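Undergrad: Sequence isn't available, so here's the structure alone:
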């Protein structure tokens, strides 16, 4: 099995508390791999099933996050819930996913046959980001691009999880021009 080294070239993006995963859409299925190269597909089966909507040959770098409802009805990303899924066995992972399904937040497109050059790693990040947005445009939740911006200044206030999930405009949130660009 190959291990793809992920890019550390990023724009300003929201910090997530999840489990880092490279997602491979193969001709016959999906493989999810930890950054150490361990196959974690069985632990994130719900994400693997959703990733079947991606074209074969796509490889994404991202993170599995888990939203858990607070007492007030809002949802927050739970590092503990993501780690519980990542450290459990396949049966327990399915039980946890039934209670709290995961979301795959994609940071980068490492490969995409439809982008002209299948291996995107040597390409500038702005081109990889566009390939990521293009490939995810018709996939939808639970596989989403990370919110990012080229704005370098301080945020006036952070977006709520609902604003992130609903893709509300940065102007509505009055926050650092944060758009899925």
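TA: Cool, got the structure. All of these numbers come straight from a predicted model, not from anything done at the bench.
Undergrad: Residue 52 is in contact with residue 31, isn't it?
TA: No: under the criterion of Cβ atoms under 8 Å, residue 52 is not in contact with residue 31, lying 11.7 Å apart. C-betas here are computed from N, CA, C, even on glycine.
Undergrad: Could you check which of these two has the larger neighbour count?
TA: residue 31 (18 against 11; other Cβ atoms under 10 Å).
Undergrad: Identify the spatial nearest neighbour of that one, chain neighbours not counted.
TA: The spatial neighbour of residue 31 that comes closest, neighbours along the chain excluded (Cβ to Cβ, 6 or more residues apart in numbering), is residue 24 at 4.3 Å.
Undergrad: Phi and psi next, for residue 109.
TA: Dihedral pair for residue 109: phi -100, psi 120, per degrees, to the nearest 10.
Undergrad: The longest helix seen in the chain packs against which elements?
TA: What stands out as the longest helix in the chain, according to DSSP state H, is helix 125-136. Packing partners of helix 125-136 (3 or more Cβ pairs under 8 Å, 6 or more residues apart in numbering; DSSP states H and E): strand 102-111, strand 143-145.
Undergrad: repeat that with 10 Å
TA: strand 59-69, strand 102-111, strand 143-145, strand 148-149 (3 or more Cβ pairs under 10 Å, 6 or more residues apart in numbering; DSSP states H and E).
Undergrad: Please state the mean pLDDT value computed over the second one.
TA: Think strand 102-111. Per-residue pLDDT values over strand 102-111 give a mean of 92.
Undergrad: now swap in the third one and tell me
TA: Confidence over strand 143-145, taken as the mean pLDDT, stands at 93.
Undergrad: list the helices and strands it packs on?
TA: helix 45-51, strand 59-69, strand 102-111, helix 125-136.
Undergrad: mind redoing it with 7 Å?
TA: Using 3 or more Cβ pairs under 7 Å, 6 or more residues apart in numbering; DSSP states H and E, the elements in contact with strand 143-145 are strand 102-111, helix 125-136.
Undergrad: Tell me which of those is the most buried.
TA: Comparing those by mean neighbour count (mean count of other Cβ atoms under 10 Å), strand 102-111 ranks first with a mean of 24.
Undergrad: helices or strands next to that strand in the packing?
TA: The elements that strand 102-111 packs onto, with contact taken as 3+ Cβ pairs under 7 Å, 6+ apart, are helix 45-51, strand 59-69, helix 125-136, strand 143-145.
Undergrad: can you give me the angle it makes with helix 125-136?
TA: With axes from the mean of the first three to the mean of the last three Cα atoms, to 10 degrees as the basis, strand 102-111 and helix 125-136 are set at 130 degrees to each other.
Undergrad: quick one on the thing from earlier: which SSE is the residue nearest to residue 31 in?
TA: Using DSSP states H and E, the element containing residue 24 is strand 19-25.
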